[in-house]
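Asks: 3D, please:
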Amino acid sequence: MVSRVRLFVEHPLAESARLPLERAQAHYLFNVMRLSEGDEIAVFDGGSGEWAARVIEAGKRGGTLECLSQSAPQRDPPDVWLLFAPVKKARTDFIVEKAVEMGARRLVPVQTDFTNSERIRRDRLQAHAVEAAEQCGATFVPEVAELSPLSRVLNDWPEGRALLYADEAQAGRASPLAGLLACDDARQGGGAPPPAALLIGPEGGLSAAERARLASLRLAAPLALGPRILRADTAAVAALALWQAACGDWR
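Replies: The predicted structure follows:
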(Lines give C-alpha, C1' and ligand atoms only; values in the text may rest on other atoms or scores of the structure.)
Protein backbone atom coordinates (compact mmCIF):
# COMPACT_ATOMS: atom_id res chain seq x y z
CA MET A 1 0.00 0.00 0.00
CA VAL A 2 1.24 3.51 -0.86
CA SER A 3 0.25 5.96 1.89
CA ARG A 4 0.34 9.74 2.04
CA VAL A 5 2.41 9.70 5.22
CA ARG A 6 5.51 11.91 5.12
CA LEU A 7 8.37 11.51 7.57
CA PHE A 8 11.44 13.64 8.26
CA VAL A 9 14.55 11.50 8.79
CA GLU A 10 18.06 12.49 9.85
CA HIS A 11 19.82 10.01 7.59
CA PRO A 12 21.28 10.42 4.09
CA LEU A 13 18.79 9.49 1.37
CA ALA A 14 19.90 7.40 -1.59
CA GLU A 15 18.57 4.48 -3.57
CA SER A 16 18.51 1.28 -1.44
CA ALA A 17 19.64 3.16 1.70
CA ARG A 18 18.38 1.66 4.97
CA LEU A 19 16.75 4.15 7.33
CA PRO A 20 16.47 3.12 11.01
CA LEU A 21 13.42 4.48 12.81
CA GLU A 22 13.43 6.02 16.26
CA ARG A 23 10.92 4.76 18.80
CA ALA A 24 8.59 7.76 18.38
CA GLN A 25 8.67 7.39 14.59
CA ALA A 26 7.89 3.69 14.82
CA HIS A 27 4.99 4.38 17.17
CA TYR A 28 3.58 6.96 14.76
CA LEU A 29 3.89 4.75 11.68
CA PHE A 30 2.84 1.39 13.09
CA ASN A 31 0.50 2.25 15.97
CA VAL A 32 -1.05 5.55 14.93
CA MET A 33 -1.08 5.21 11.13
CA ARG A 34 -1.42 1.39 11.21
CA LEU A 35 1.25 0.78 8.59
CA SER A 36 3.04 -2.54 8.25
CA GLU A 37 5.85 -4.19 6.30
CA GLY A 38 5.57 -3.54 2.58
CA ASP A 39 3.77 -0.22 2.92
CA GLU A 40 5.33 2.84 1.30
CA ILE A 41 5.68 6.37 2.64
CA ALA A 42 7.44 9.59 1.64
CA VAL A 43 10.61 10.66 3.46
CA PHE A 44 12.83 13.75 3.35
CA ASP A 45 15.98 14.85 5.14
CA GLY A 46 15.84 18.61 4.55
CA GLY A 47 18.36 18.65 1.71
CA SER A 48 17.81 15.74 -0.70
CA GLY A 49 14.24 16.27 -1.88
CA GLU A 50 11.46 13.81 -1.21
CA TRP A 51 11.93 10.06 -1.61
CA ALA A 52 9.64 7.06 -1.64
CA ALA A 53 10.52 4.51 1.02
CA ARG A 54 9.19 1.05 1.92
CA VAL A 55 8.75 -0.41 5.40
CA ILE A 56 10.93 -3.53 5.62
CA GLU A 57 10.88 -3.95 9.42
CA ALA A 58 8.03 -2.92 11.71
CA GLY A 59 8.32 -3.27 15.48
CA LYS A 60 6.91 -1.74 18.62
CA ARG A 61 10.11 0.08 19.50
CA GLY A 62 11.69 0.60 16.12
CA GLY A 63 11.79 -0.39 12.51
CA THR A 64 13.58 0.09 9.22
CA LEU A 65 12.71 1.76 5.93
CA GLU A 66 14.33 1.13 2.56
CA CYS A 67 14.79 4.15 0.32
CA LEU A 68 13.41 3.49 -3.18
CA SER A 69 13.64 6.52 -5.50
CA GLN A 70 13.35 10.28 -5.44
CA SER A 71 9.76 11.43 -5.92
CA ALA A 72 10.30 15.21 -5.79
CA PRO A 73 13.32 17.52 -6.01
CA GLN A 74 14.63 19.62 -3.14
CA ARG A 75 12.68 22.86 -2.76
CA ASP A 76 14.30 25.41 -0.46
CA PRO A 77 12.26 28.45 0.64
CA PRO A 78 13.41 32.01 -0.08
CA ASP A 79 15.99 33.47 2.28
CA VAL A 80 13.62 35.15 4.72
CA TRP A 81 13.90 34.84 8.50
CA LEU A 82 11.13 35.35 11.02
CA LEU A 83 12.08 37.05 14.28
CA PHE A 84 9.32 36.82 16.87
CA ALA A 85 8.78 37.44 20.56
CA PRO A 86 7.42 34.31 22.24
CA VAL A 87 3.87 34.67 23.53
CA LYS A 88 1.62 32.11 25.21
CA LYS A 89 2.62 28.49 24.56
CA ALA A 90 -0.15 27.56 22.11
CA ARG A 91 0.23 30.79 20.16
CA THR A 92 4.01 30.42 19.97
CA ASP A 93 3.47 26.91 18.62
CA PHE A 94 1.10 28.42 16.05
CA ILE A 95 3.72 30.97 14.95
CA VAL A 96 6.32 28.25 14.39
CA GLU A 97 3.97 25.93 12.53
CA LYS A 98 2.57 28.63 10.25
CA ALA A 99 6.00 30.12 9.57
CA VAL A 100 7.12 26.74 8.22
CA GLU A 101 4.01 26.49 6.06
CA MET A 102 4.55 30.05 4.79
CA GLY A 103 8.15 29.31 3.79
CA ALA A 104 10.41 30.94 6.38
CA ARG A 105 14.06 29.90 6.10
CA ARG A 106 14.99 30.45 9.79
CA LEU A 107 13.03 31.15 12.98
CA VAL A 108 14.58 33.40 15.63
CA PRO A 109 12.81 33.86 18.99
CA VAL A 110 13.78 37.20 20.55
CA GLN A 111 13.42 38.65 24.03
CA THR A 112 12.02 42.18 23.78
CA ASP A 113 11.28 44.79 26.45
CA PHE A 114 7.65 43.66 26.67
CA THR A 115 8.12 39.91 26.12
CA ASN A 116 6.26 37.98 28.82
CA SER A 117 7.94 34.62 28.26
CA GLU A 118 11.50 34.48 29.56
CA ARG A 119 12.27 30.98 28.32
CA ILE A 120 11.24 28.55 25.59
CA ARG A 121 11.71 24.88 24.88
CA ARG A 122 13.75 25.12 21.70
CA ASP A 123 13.67 21.34 21.16
CA ARG A 124 9.88 21.31 21.36
CA LEU A 125 9.56 24.20 18.91
CA GLN A 126 12.00 22.47 16.54
CA ALA A 127 9.82 19.34 16.73
CA HIS A 128 6.81 21.49 15.80
CA ALA A 129 8.75 22.79 12.80
CA VAL A 130 9.47 19.21 11.69
CA GLU A 131 5.82 18.20 12.06
CA ALA A 132 4.69 21.24 10.09
CA ALA A 133 7.11 20.41 7.25
CA GLU A 134 5.88 16.82 7.20
CA GLN A 135 2.27 17.95 6.89
CA CYS A 136 2.62 20.78 4.37
CA GLY A 137 4.72 18.96 1.77
CA ALA A 138 7.92 20.92 2.43
CA THR A 139 11.32 19.35 1.83
CA PHE A 140 13.14 21.90 4.02
CA VAL A 141 12.95 22.26 7.81
CA PRO A 142 13.94 25.70 9.14
CA GLU A 143 16.17 25.95 12.18
CA VAL A 144 14.63 27.33 15.36
CA ALA A 145 17.34 29.39 17.04
CA GLU A 146 17.85 29.82 20.77
CA LEU A 147 15.97 32.65 22.46
CA SER A 148 18.18 35.75 22.42
CA PRO A 149 17.71 39.39 23.50
CA LEU A 150 16.64 41.54 20.56
CA SER A 151 19.45 43.97 21.35
CA ARG A 152 22.04 41.23 20.94
CA VAL A 153 20.50 40.04 17.67
CA LEU A 154 20.59 43.59 16.30
CA ASN A 155 24.19 44.07 17.45
CA ASP A 156 25.21 41.05 15.38
CA TRP A 157 22.92 41.79 12.43
CA PRO A 158 24.38 40.42 9.17
CA GLU A 159 25.38 42.90 6.52
CA GLY A 160 23.14 42.79 3.47
CA ARG A 161 20.01 41.37 5.14
CA ALA A 162 17.03 43.75 5.15
CA LEU A 163 14.94 43.87 8.32
CA LEU A 164 11.25 44.76 8.15
CA TYR A 165 9.66 45.23 11.54
CA ALA A 166 5.93 45.23 12.14
CA ASP A 167 5.04 48.46 13.93
CA GLU A 168 1.51 48.71 15.34
CA ALA A 169 1.95 52.48 15.60
CA GLN A 170 1.68 52.54 11.79
CA ALA A 171 -1.73 50.86 11.70
CA GLY A 172 -3.92 52.78 9.28
CA ARG A 173 -1.16 55.26 8.39
CA ALA A 174 0.55 53.57 5.47
CA SER A 175 0.03 51.00 2.78
CA PRO A 176 0.65 47.44 4.02
CA LEU A 177 3.13 47.09 1.17
CA ALA A 178 5.06 50.27 1.92
CA GLY A 179 7.91 48.46 3.63
CA LEU A 180 8.23 45.99 0.76
CA LEU A 181 8.77 48.46 -2.08
CA ALA A 182 12.56 48.19 -1.92
CA CYS A 183 12.36 44.42 -2.03
CA ASP A 184 9.92 44.54 -4.94
CA ASP A 185 12.20 46.94 -6.85
CA ALA A 186 15.13 44.57 -6.31
CA ARG A 187 13.16 41.76 -7.93
CA GLN A 188 12.52 43.61 -11.18
CA GLY A 189 15.68 42.17 -12.69
CA GLY A 190 14.59 38.63 -11.86
CA GLY A 191 16.42 36.07 -9.80
CA ALA A 192 16.22 35.27 -6.11
CA PRO A 193 15.02 37.92 -3.66
CA PRO A 194 17.64 39.58 -1.48
CA PRO A 195 18.09 38.19 2.05
CA ALA A 196 15.49 39.58 4.42
CA ALA A 197 13.99 39.18 7.88
CA LEU A 198 10.64 40.06 9.41
CA LEU A 199 10.32 41.09 13.07
CA ILE A 200 7.11 40.60 15.02
CA GLY A 201 6.99 42.03 18.53
CA PRO A 202 5.06 40.77 21.57
CA GLU A 203 1.41 41.44 22.41
CA GLY A 204 2.45 44.72 24.06
CA GLY A 205 4.27 45.83 20.93
CA LEU A 206 7.79 47.15 20.63
CA SER A 207 9.00 49.70 23.17
CA ALA A 208 9.86 53.28 22.23
CA ALA A 209 13.54 52.48 22.76
CA GLU A 210 13.33 49.45 20.46
CA ARG A 211 11.56 51.48 17.77
CA ALA A 212 14.27 54.11 18.00
CA ARG A 213 17.01 51.51 17.74
CA LEU A 214 15.37 49.90 14.71
CA ALA A 215 14.81 53.28 13.04
CA SER A 216 18.53 53.98 13.35
CA LEU A 217 19.55 50.86 11.45
CA ARG A 218 20.38 51.37 7.79
CA LEU A 219 18.86 48.06 6.69
CA ALA A 220 15.68 48.29 8.79
CA ALA A 221 12.29 49.66 7.74
CA PRO A 222 8.82 49.59 9.34
CA LEU A 223 6.13 47.35 7.87
CA ALA A 224 2.46 48.27 8.25
CA LEU A 225 0.01 45.38 8.41
CA GLY A 226 -3.23 47.15 7.52
CA PRO A 227 -5.67 49.40 9.39
CA ARG A 228 -6.20 47.14 12.41
CA ILE A 229 -3.84 46.08 15.21
CA LEU A 230 -3.15 42.35 14.91
CA ARG A 231 -2.29 39.79 17.55
CA ALA A 232 1.32 38.65 17.43
CA ASP A 233 0.54 35.24 15.89
CA THR A 234 -1.75 36.78 13.26
CA ALA A 235 0.85 39.44 12.48
CA ALA A 236 3.49 36.77 11.80
CA VAL A 237 1.30 35.09 9.18
CA ALA A 238 0.26 38.42 7.64
CA ALA A 239 3.84 39.68 7.37
CA LEU A 240 5.09 36.46 5.77
CA ALA A 241 2.16 36.47 3.32
CA LEU A 242 2.92 40.06 2.26
CA TRP A 243 6.62 39.33 1.84
CA GLN A 244 6.05 36.12 -0.10
CA ALA A 245 3.55 37.85 -2.40
CA ALA A 246 5.85 40.81 -3.12
CA CYS A 247 9.29 39.22 -2.95
CA GLY A 248 9.17 35.48 -2.41
CA ASP A 249 8.07 32.28 -4.12
CA TRP A 250 4.40 33.26 -4.40
CA ARG A 251 5.25 35.51 -7.35
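
Asks: show the pLDDT at the most centrally placed residue in the chain.
Replies: What sits nearest the mean C-alpha location of the chain, by C-alpha atoms, centre = their mean, is Val100, with 3.2 Å. For Val100, the model assigns a pLDDT of 98.

Asks: do the same with Thr92
Replies: For Thr92, pLDDT reads 94.

Asks: surely it meets Arg122?
Replies: No - Thr92 is beyond contact range of Arg122, at 11.3 Å (criterion: C-beta atoms under 8 Å). From N, CA and C alone the C-beta is placed, and that goes for glycine too.

Asks: shaky segments in this structure?
Replies: 1-3, 170-191 (pLDDT under 70).

Asks: show me what whichever strand or helix holds Leu19 is packed up against.
Replies: Using DSSP states H and E, Leu19 sits in strand 18-21. The contact analysis (3 or more C-beta pairs under 8 Å, 6 or more residues apart in numbering; DSSP states H and E) places strand 18-21 against strand 63-72.

Asks: could you list the residues in contact with the strand it packs on?
Replies: 7, 9, 13-21, 25-26, 29-30, 40-43, 48-57, 139 (C-beta atoms under 8 Å, 6 or more residues apart in numbering).

Asks: try stretch 129-142
Replies: 6-8, 44, 46-50, 72-77, 96-101, 103-107, 144.

Asks: ok, Thr92 and Arg122, which is more surrounded?
Replies: Thr92 (22 against 15; other C-beta atoms under 10 Å).

Asks: now that one: phi and psi?
Replies: phi -70, psi -40 (degrees, to the nearest 10).

Asks: contact partners for it?
Replies: 84, 86, 109, 117, 120, 125, 233.

Asks: list the contacts of the last one.
Replies: To tie it back to what came earlier, the one meant is Asp233. Per C-beta under 8 Å, 6+ apart, neighbours of Asp233: 87, 91-92, 94-95, 98.

Asks: now the strand holding Leu19: buried residues?
Replies: 19, 21 (16 or more other C-beta atoms under 10 Å).

Asks: and the following helix or strand past it, how far out from the chain's middle?
Replies: Per DSSP H and E, strand 18-21 leads on to helix 23-26 as the next helix or strand towards the C-terminus. In terms of C-alpha atoms, centre = their mean, to the nearest Å, the centre of helix 23-26 is found 24 Å from the chain centre.
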